[in-house]
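>>> when you get a sec, could you give me coordinates for this:
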Amino acid sequence: MDRVFLDAKVLFSAAYRSDAGLRRLWDLEGAALVTSLYAAEEARRNLDHAQQRADLEDLLSKVSDKDRPIMLAAIEAGSTHLLTGDFRHFGRLFGTTVEGVHVLPPSEYLRLRERPSVEDAP
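Numbers count the residues shown, from 1 in each chain. Prediction:
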């Protein structure tokens, strides 16, 4: 099972629009979603509308939290993946593994997870 750490940008983007493609993360089988109190609070601060904040709270109710800075929190949570939209701070780490945590943009993780496996091929 993947333990997928979600940063503030991913949480914000999923809550910002009710039809956001990122919400597919919450429907993936075999993926436990994890975040930190720090990331959740950052996402909360940046959402302008009450409905967006309510959507965030609903999404967060299905995510475990760990209270640490983002990369350390992902490592300490035993995450297999860190999904982030923060290209400025994490872009150089995309596609690499740090202390057992594979760093990816969420779109790449979804692409990999939703790709049919060899076992599913006819």
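>>> strand partners of the worst-scoring helix or strand of the chain on mean pLDDT, parallel vs antiparallel please.
Ranking every helix and strand in the chain by mean pLDDT, DSSP states H and E puts strand 64-65 at the bottom, with a mean of 84. Partner strands and pairing direction for strand 64-65 (DSSP bridges) are strand 31-35 (parallel).
>>> which of the residues in the partner strand are buried?
Ala31, Ala32, Leu33, Val34, Thr35 (16 or more other Cβ atoms under 10 Å). C-beta coordinates here come from the backbone N, C-alpha and C atoms, glycine included.
>>> the fourth one: what's it in contact with?
By Cβ atoms under 8 Å, 6 or more residues apart in numbering, the contact set of Val34 is Arg3, Val4, Phe5, Leu6, Val63, Ser64, Asp65, Lys66, Ala74, Ala77, Ser79.
>>> how does it look with 7 Å?
By Cβ atoms under 7 Å, 6 or more residues apart in numbering, the contact set of Val34 is Arg3, Val4, Phe5, Val63, Ser64, Lys66, Ala77, Ser79.
>>> hmm, the last one is touching Asp2, no?
Spelled out, that is Ser79. No. Look at Ser79 against Asp2 with Cβ atoms under 7 Å: they stay out of range, at 8.3 Å.
>>> of those two, which one has the most company?
Ser79 (25 against 15; other Cβ atoms under 10 Å).
>>> that one and Ala43: what is the separation?
According to Cβ to Cβ, to the nearest Å, Ser79 and Ala43 sit 18 Å apart.
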